[in-house]
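> just need the structure, nothing else, for what follows:
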Amino acid sequence: MVGVVAVPQAQRMADEQGLDLVLINAQADNPVCRIMDYGKFQFEQAKKEREAKKNQKVTSVKEVNFRLTTEDHDLGYKTKNACRFLADGDRVKVVIRFRGREMAYTNQGYDVMKKFAQSCSEFGEVDRQPRVEGRNMVMFLAPIKNN
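Predicted structure coming up:
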């Protein structure tokens, strides 16, 4: 902490130490500068970013598709896959496709979605409630966060 110093004097102090004069905050009443090895600072920042990237968990969205008339066994198989995806930490997009006259029975689609969500409730929770988008009904399930 040197205090308020003129720019040429600060630059001379940095040159004497063999370091760089780095502008930290230009918005203050007096611009704030620091004398440091800027190359080393950049290297350490990049190193911190790489470490943070390693610790990140990238979540992807897996999709499970079926129709309103899908049989119970096939629905169970797709439920098992969705539960596996949720256990791995991925979000699941559940899609029911309606064809032709099936659009008149969207209320049955809501029932199937509710049943699907209950069967996956051990591994995930409903992130976005089911809603009709065109000829598809879409619902998102998110993995349960373990605190």
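> switch to C-alpha atoms for all contacts and neighbour counts from now on
Fine.
> the longest helix seen in the chain: what's the following helix or strand?
In terms of residue count, the longest helix belonging to the chain (DSSP state H) is helix 38-55. In the C-terminal direction, the helix or strand that comes right after helix 38-55 (DSSP states H and E) is strand 61-67.
> run through the neighbouring helices and strands of that following strand.
helix 72-87, strand 91-97 (3 or more Cα pairs under 8 Å, 6 or more residues apart in numbering; DSSP states H and E).
> partner strands of that strand and their direction?
Paired neighbours of strand 61-67 in the sheet (DSSP bridges): strand 91-97 (parallel).
> could you point out which element follows the partner strand?
helix 106-119.
> so which bits of the helix or strand that that following helix is followed by are buried?
Once the chain leaves helix 106-119, the next helix or strand it forms, by DSSP H and E, is strand 124-133. By neighbour count with 16 or more other Cα atoms under 10 Å, strand 124-133 contains the buried residues 124-126, 130, 132.
> any chance of these in CSV, plus distance to residue 36 and pLDDT?
Shown next, in CSV, are these (distance: Cα to Cα, whole Å; pLDDT from 0 to 100):
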residue, distance to residue 36, pLDDT
124, 49, 90
125, 50, 92
126, 51, 92
130, 55, 92
132, 58, 92
